[in-house]
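Visitor: Based on what follows, work out the 3D shape:
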Amino acid sequence: MYSPGTIHPRAVKPNHFLVKIQHLSMYNNLMLRWRLTLPILLPAVLFAAPGDWPGFRGHYAVGFADQQDLPLEWNAKTGKGIAWRVEIPGLGHSSPIIHGDKLFVTTAVSSAGKASFKPGLYGSGDAAPDSSQHTWRLICLDIASGKILWNEPVTSGRPKDKRHIKATHANATPATDGKYVIALFGSEGLFAYSVDGKARWKRDLGRLNVGAYDLPSYEWGSASSPVIHRGRVIVQCDTQRNSFLLALDIKTGKTIWKVDRDELPSWGSPTVFPRQGRTEVITNGSNFIRGNDFEDGRERWRLGGSSKITAPTPVCTDDMIIVASGRAPERPIFAIRPGARGDITLKAGKSSNAFVRWSKTRRGPYMPTPLIYRKRVYILGNAGLFGCYELFTGEEQFYARIPDHVLGFSASPVAADGKIYLAGEAGQIFVMEAGDTFKLLAVNDMGEALMATPAISRGRLYIRGERHLFAVGK
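Guide: Next up is the predicted model:
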């Protein structure tokens, strides 16, 4: 399987994390007003303008951007509400990212013609027969018009790994700090480009054999995305053997620290959680969810009890960390207090302790990453079960099935202006009302399979389909 990735900008001071992200989305480029509204200022304007979406689910992977005025309904067939549509060659489940007037996306182009994947709800773990010569590309588009500004062949050759029939050879979302664009293509390597399309450095991370933990011969392909924070690139590589967490200098690609991990294969991306005095790298893993020190990589805390397959990425607010996974029988959701130390695994029969504020079983998502929005946690399951929980207590507000979906969900939810957007594999965007009641507002058909998580920036929703990239909005 695959999972989208994430990116996180500079550190902020404690107890204002969520407030500041909300102000980023609310005030966009009105920087003076933005500064005056905050009780404590950010040390910088992150490394991107407030309207940017610099990685999977935007700033800190929070997944929302208010004051967008997105349309409730649009029509991809007639063009109503569609600012532009551009065909993207090859296949990729990576999300688009945005900095300034540029949008970046990755893809893998097969020499054997139009490759395909198989969306839907099924249990097969087979690999796709897709071993032809490939070219992995990093593409830059103008966000206003959709014009392709540059289209760079990053690397080429026969894939070193197979891919799951539902995945692609370009699953990981790239990351940018406004100067560099970092793209990870699993065993093909980690690559750094300038935002104007110049190659800067590359790193061979070795063979990243990612597949079923209990069937080592299966190869599903990697998906964990790079994270950029304070001049470092963080990558999580959990494989069949020799798993590790790695920090690199973004300018040179040289190793700053590397930590070995006793882990099964996983597909979630690391999350940098910035707090005054101790910034942590939080990772979702089958053996343990972990918090490692950002400066030197040392493990600070661990939490057992995850599923044997973990794909969702950890998400954070200033005073809560939400980590979930969806393989039966555990399917847990954990709400973790910041500042943990040591082993914080729950004792048998317990759902909370000093650092686990609350937890649930049999509610976690298999693929989509949770969404924290307006003091609620939203969980989207592959089969279309959508749940809402109070952030601080875990009280379930609703747990209901999205109507009329056909093939399930792999993309993660995003939100804007009190609405939550769910991209279904069959090609529909389901628009839900945020809040304590289950309310479907609209269904918009894009006309092609949707596997990537949408991006939101400056009044537009950017949606990657199987063959096209759409800009929805004014």
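
Visitor: Quick one: the helices in this protein, in order.
Guide: 17-27, 31-37 (DSSP state H).

Visitor: rank those by mean pLDDT and give me the bottom one.
Guide: Looking at the helices of the chain, the lowest mean pLDDT belongs to helix 31-37 (a mean of 33).

Visitor: what separates stretch 62-80 from the chain centre, distance-wise?
Guide: In terms of CA atoms, centre = their mean, to the nearest Å, the gap separating the centre of stretch 62-80 from the centre of its chain is 20 Å.

Visitor: List the buried residues for that stretch?
Guide: 62, 63, 64, 65, 66, 68, 70, 71, 74, 76 (16 or more other CB atoms under 10 Å). Every C-beta, even on glycine, is put in place using the N, C-alpha and C of the backbone.

Visitor: Likewise for stretch 95-105?
Guide: Buried residues in stretch 95-105 (16+ other CB under 10 Å): 95, 96, 97, 98, 99, 102, 103, 104, 105.

Visitor: Put together TSV for those residues, with distance to residue 372 and pLDDT on each row.
Guide: Below are those laid out as TSV (distance: CB to CB, whole Å; pLDDT from 0 to 100):
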residue	distance to residue 372	pLDDT
95	18	98
96	22	98
97	20	98
98	21	97
99	23	97
102	28	98
103	25	98
104	25	98
105	25	98
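
Visitor: These into CSV, with extra columns for distance to residue 431?
Guide: What follows is those, written out as CSV (distance: CB to CB, whole Å):
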residue, distance to residue 431
95, 19
96, 19
97, 23
98, 21
99, 26
102, 27
103, 22
104, 26
105, 23
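
Visitor: what's the closest of the residues you listed to residue 250?
Guide: Residue 250 has its nearest neighbour among the buried residues of stretch 95-105 in residue 99, at 14.2 Å by CB to CB.

Visitor: For that closest one, list each beta-bridge partner.
Guide: Here residue 99 shows beta-bridge partners residue 102, assigned using DSSP bridges.

Visitor: quick one: contacts of stretch 118-132?
Guide: Stretch 118-132 is touched from outside by 110-112, 115, 117, 158-159, 162-167, 169, 211-212, 215, 218-220, 382-383, 407-408, 410, 425-426, 449, 451, with contacts defined as CB atoms under 8 Å, 6 or more residues apart in numbering.

Visitor: could you redo the last one with a cut-off of 7 Å?
Guide: The contact list for stretch 118-132, computed with CB atoms under 7 Å, 6 or more residues apart in numbering, reads 110-112, 115, 117, 158-159, 162-166, 212, 215, 218-220, 382-383, 407-408, 425, 449, 451.

Visitor: buried stuff in it?
Guide: In stretch 118-132, counting by 16+ other CB under 10 Å, buried: 119, 120, 127, 128, 130.

Visitor: Nearest to residue 363, out of those residues: which one, please.
Guide: Taking those together and measuring to residue 363 by CB to CB, the closest member is residue 120, at 22.6 Å.

Visitor: Against residue 425, how distant is that closest one?
Guide: As defined by CB to CB, to the nearest Å, residue 120 lies at a distance of 7 Å from residue 425.

Visitor: Show me where the stretch 251-400 of the chain has its strands.
Guide: 255-261, 271-273, 280-283, 289-293, 299-303, 315-317, 320-324, 333-336, 342-343, 356-360, 371-373, 376-380, 385-390, 396-401 (DSSP state E, counting those that start in this stretch).

Visitor: Any chance of those in CSV with mean pLDDT, distance to residue 207 and mean neighbour count as columns?
Guide: As requested, those are exported to CSV (pLDDT from 0 to 100; distance: least, CB to CB, whole Å; neighbours: other CB atoms under 10 Å):
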stretch, mean pLDDT, distance to residue 207, mean neighbour count
strand 255-261, 98, 16, 15
strand 271-273, 94, 25, 26
strand 280-283, 97, 20, 26
strand 289-293, 98, 23, 23
strand 299-303, 98, 25, 19
strand 315-317, 94, 30, 24
strand 320-324, 97, 27, 25
strand 333-336, 98, 31, 25
strand 342-343, 98, 31, 10
strand 356-360, 98, 35, 20
strand 371-373, 97, 34, 25
strand 376-380, 98, 32, 25
strand 385-390, 98, 36, 20
strand 396-401, 98, 40, 14
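
Visitor: Dump those into JSON lines; add distance to residue 435 as well.
Guide: Output for the strands of the stretch 251-400 of the chain, formatted as JSON lines (distance: least, CB to CB, whole Å):
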{"stretch": "strand 255-261", "distance to residue 435": "39"}
{"stretch": "strand 271-273", "distance to residue 435": "26"}
{"stretch": "strand 280-283", "distance to residue 435": "28"}
{"stretch": "strand 289-293", "distance to residue 435": "29"}
{"stretch": "strand 299-303", "distance to residue 435": "30"}
{"stretch": "strand 315-317", "distance to residue 435": "18"}
{"stretch": "strand 320-324", "distance to residue 435": "18"}
{"stretch": "strand 333-336", "distance to residue 435": "19"}
{"stretch": "strand 342-343", "distance to residue 435": "37"}
{"stretch": "strand 356-360", "distance to residue 435": "20"}
{"stretch": "strand 371-373", "distance to residue 435": "10"}
{"stretch": "strand 376-380", "distance to residue 435": "8"}
{"stretch": "strand 385-390", "distance to residue 435": "8"}
{"stretch": "strand 396-401", "distance to residue 435": "8"}
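
Visitor: closest one to residue 87 among those?
Guide: strand 376-380 (28.0 Å).
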